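Make a model of this:
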Amino acid sequence: MPLTSEDSSSHRSPRPPADPADVLVVGAGPVGLTTACELLRRGVRVRLVDRAHTASPFPKALLLWPRTLDLLDDLGALESTRRAGIDIRTFRYYSSGEPLAAFTFPDHLTPLCLPQNETERVLTERLHALGGHVERGVRLLAFDGMDYSGDITATDGVTAILEHADGAVERYRAPFVVGADGAGSAVRAQMGTGFSGSTYEAAFALVDCRIEGELPTDEALYYQSPQGALVIVALPDGVFRFFASLPPGEKAGVELLQRIADEQGPGGVRLVDPVWESVFRVHRRHADEFQRGRVLLAGDAAHVHSPAGGQGLNTGMQDAQNLSWKLAAVIGGQAGPDLLGTYGPERADVARQVVRDTDIQTRGWMLQRPWQTAARDTAFRLLEPVVERGYLPVMAGYRFRYAPVRSTQEPAWPSLCRLTGRVAGAVRVGHALPRPLAVALGASGSPDEAAGAGGGPAGWTLAVTPGPSSPRLIESLSATVADLPQVRVAAMPPGQAAGHRLCSAPGYHLIRPDGYVAAHGHGRDGARLRVELIAHLGGPRRPAGSPALSRA
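Coordinates of the predicted model:
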């Protein structure tokens with residue numbers, strides 16, 4: 001805003017220059033907080049700003065799925081997260097009031113219900129413990145002289161124009177900027193990238209309240225009917241969320257949700273003591289680019305979609321995990337700048353899958369014609385066992401796959417692992433390691449401390465599976481990575497590999513710092529492993545502070 005003579009800089013103390021940072025993170029919701037925590041624990045200097053003057057008090061997103069809980073465990077924040085949340089063990093579906101299907105989660109796939117403001121509180125506490133803080137009342141106005149070529153090496157940073165709560169304007173330069181500032185992202189606008197997609201015609205009404213009556217406290221209930229959808233989810237502290245399609249011309253509020261619950265829902269329940277009420281429209285959109293040079297997008301700034309299945313917050317926090325270890329490696333000189341180029345394609349592919357899957361669920365809620373609802377209900381009944389076996393792990397976050405982009409990511413003779421590849425739930429290149437195996441191999445948390453203790457982050461792990469015909473395989477592959485100190489070697493016996501549905505033939509699995517399988521090969525694929533190490537890490541370790549990527 002323009003400054004008057006009364007509040008010009010001559011009438012107030014000059015703002016002291018902000019401390020230098022390697023990354024400026026714009027937006028201090030769950031995604032920005034996760035990004036800052038992940039970077040700080042990797043030794044990267046972070047400045048985190050948010051335009052809001054106070055943290056949001058609203059519950060907003062609710063579900064944290066197991067893959068996100070693993071992330072919080074690595075951050076050292078899982079215990080406080082679990083104390084504040086409740087498990088949701090069953091998704092139960094109805095059609096016109098009649099039971100349709102129920103999907104019960106096994107323990108390792110069970111989501112945790114924790115209101116978003118509580119998730120932010122937990123992450124903020126962890127941020128403070130790591131030495132970080134949030135600067136509030138600071139908003140991004142513009143980038144000055146941004147390079148739009150997309151080449152990271154074309155410049156040494158980005159100059160952000162920031163406005164403070166008192167009207168002061170600051171020029172701040174950082175090597176990288178991460179936009180985690182939501183669906184209306186100022187960072188995305190300054191990047192100049194599109195936000196492709198559309199908006200659903202129907203609006204939704206939401207009420208969080210207490211109840212008089214009985215509802216299950218560990219279930220999500222989905223009532224589908226030609227009149228619209230009603231969803232009821234238990235929250236901590238005896239609160240329940242009711243949200244439903246908003247009939248045209250109706251006024252949202254407790255009275256409307258009470259009527260919908262009586263007519264379409266369980267009945268016999270009275271909604272009292274509202275905690276939060278809201279009306280919202282649902283969008284399905286994603287950014288055309290997640291990265292332009294040294295500016296990157298994460299979370300709702302990069303993609304938005306229906307709340308069906310409670311995936312949005314999780315997708316954003318996993319964006320932050322994927323991006324942060326790559327930024328840290330590039331800034332620290334442990335990888336070349338090309339590594340950052342993998343962030344956008346990997347996470348854009350996941351975002352497209354989530355947008356597609358949640359769109360299918362949302363359209364299923366809103367079917368009205370008898371033949372449509374009959375077809376939907378038949379599909380639910382027929383696919384119930386398939387969904388429990390095949391789709392629940394997808395919802396939990398364990399079956400998204402970063403598809404291989406080079407032939408050297410897989411064995412020269414893949415027939416050796418053909419049987420393993422056909423097993424349901426097989427872990428292939430691009431999948432996340434099962435959590436128990438990641439912990440056992442030291443490929444999660446800190447290799448020097450118990451995973452989940454919030455110790456130092458894991459680096460690269462080369463898990464080697466020896467065999468009777470290759471007793472010296474560990475020694476041989478250790479020599480292959482000897483000039484790369486960021487890669488540690490761990491033994492993975494055949495029985496351990498097979499027990500977790502990985503190929504158990506003599507060979508290796510190269511595990512990234514975020515726990516995903518980057519490459520797999522067999523005993524004679526050492527040259528292919530070397531190609532992959534160079535592709536990911538740029539060869540032997542380079543000194544930190546190379547000219548193009550130097551710290552400010």
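
Counting neighbours, what do you get for V46?
For V46, the neighbour count with other C-beta atoms under 10 Å is 26. Where C-beta positions appear, they are placed from N, C-alpha and C, glycine not excepted.

For the residue lying closest to Y508 once chain neighbours are set aside, give me its contacts.
Distances taken as C-beta to C-beta, 6 or more residues apart in numbering place V464 nearest to Y508, at 5.1 Å, with adjacent residues excluded. Shown in contact with V464 (C-beta atoms under 8 Å, 6 or more residues apart in numbering): 473-474, 477-478, 489-492, 507-508.

again, 6 Å this time
By C-beta atoms under 6 Å, 6 or more residues apart in numbering, the residues touching V464 are 473-474, 477, 491, 508.

how about it, phi and psi?
Reported as degrees, to the nearest 10, the phi and psi values for V464 are phi -110, psi 130.

Distance-wise, check it relative to G425.
23 Å (C-beta to C-beta, to the nearest Å).

Ok, M191 next?
From M191 across to G425, the span is 38 Å (C-beta to C-beta).

For those two, work out which one has more neighbours and name it.
Neighbours of M191 and G425, each counted by other C-beta under 10 Å, are more numerous for M191; the result is 25 against 13.

All the helices of the stretch 351-500 of the chain, in order from the start?
Secondary structure of the stretch 351-500 of the chain, counting by DSSP state H, counting those that start in this stretch: helices at 370-386, 392-396, 418-422, 435-441, 473-480, 494-499.

Put the alpha carbons of the fourth one into PDB.
Listed in PDB are the C-alpha atoms of helix 435-441, where the atom choice follows Å, rounded to 0.1, in the frame of the first residue of the first chain:
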ATOM      1  CA  ARG A 435       7.400 -49.000   7.300                       C
ATOM      2  CA  PRO A 436       8.700 -51.900   9.400                       C
ATOM      3  CA  LEU A 437      11.400 -52.700   6.700                       C
ATOM      4  CA  ALA A 438      12.400 -49.000   6.400                       C
ATOM      5  CA  VAL A 439      12.900 -48.900  10.200                       C
ATOM      6  CA  ALA A 440      14.900 -52.200  10.200                       C
ATOM      7  CA  LEU A 441      17.200 -51.000   7.400                       C
END
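
follow-up on the earlier one: next one: the residue nearest to Y508 from Q291, what distance?
Separation of V464 from Q291 (C-beta to C-beta) stands at 33 Å.

before we move on, what about A77?
27 Å.

sec struct for the closest residue to S278 other than its chain neighbours, please.
In space, and not counting its chain neighbours, S278 is closest to L206: 4.6 Å by C-beta to C-beta, 6+ apart. Secondary structure for L206, judged by DSSP: H, G, I helix; E, B strand; the rest coil, is strand.

wait, isn't L206 in contact with F243?
Yes - contact criterion C-beta atoms under 6 Å: L206 and F243 qualify, at 4.1 Å.

Mean pLDDT lowest where, among the helices of the stretch 351-500 of the chain?
When these are ranked by mean pLDDT, helix 418-422 comes last with a mean of 64.

got the buried residues for the host helix or strand of L100?
Element membership for L100 (DSSP states H and E) is strand 98-104. Burial within strand 98-104, assessed by neighbour count using 16 or more other C-beta atoms under 10 Å, is assigned to 100-101, 103.

next one: the strand or helix carrying Y222 to chain centre, how far?
Here Y222 is covered by strand 219-225, with elements defined by DSSP H and E. From the chain centre to the centre of strand 219-225 is a distance of 25 Å (C-alpha atoms, centre = their mean, to the nearest Å).

do the same with stretch 427-437
16 Å.

can you check stretch 361-375 too?
30 Å.

Pull up the distance across that stretch, start to finish.
14 Å (C-alpha to C-alpha, to the nearest Å).
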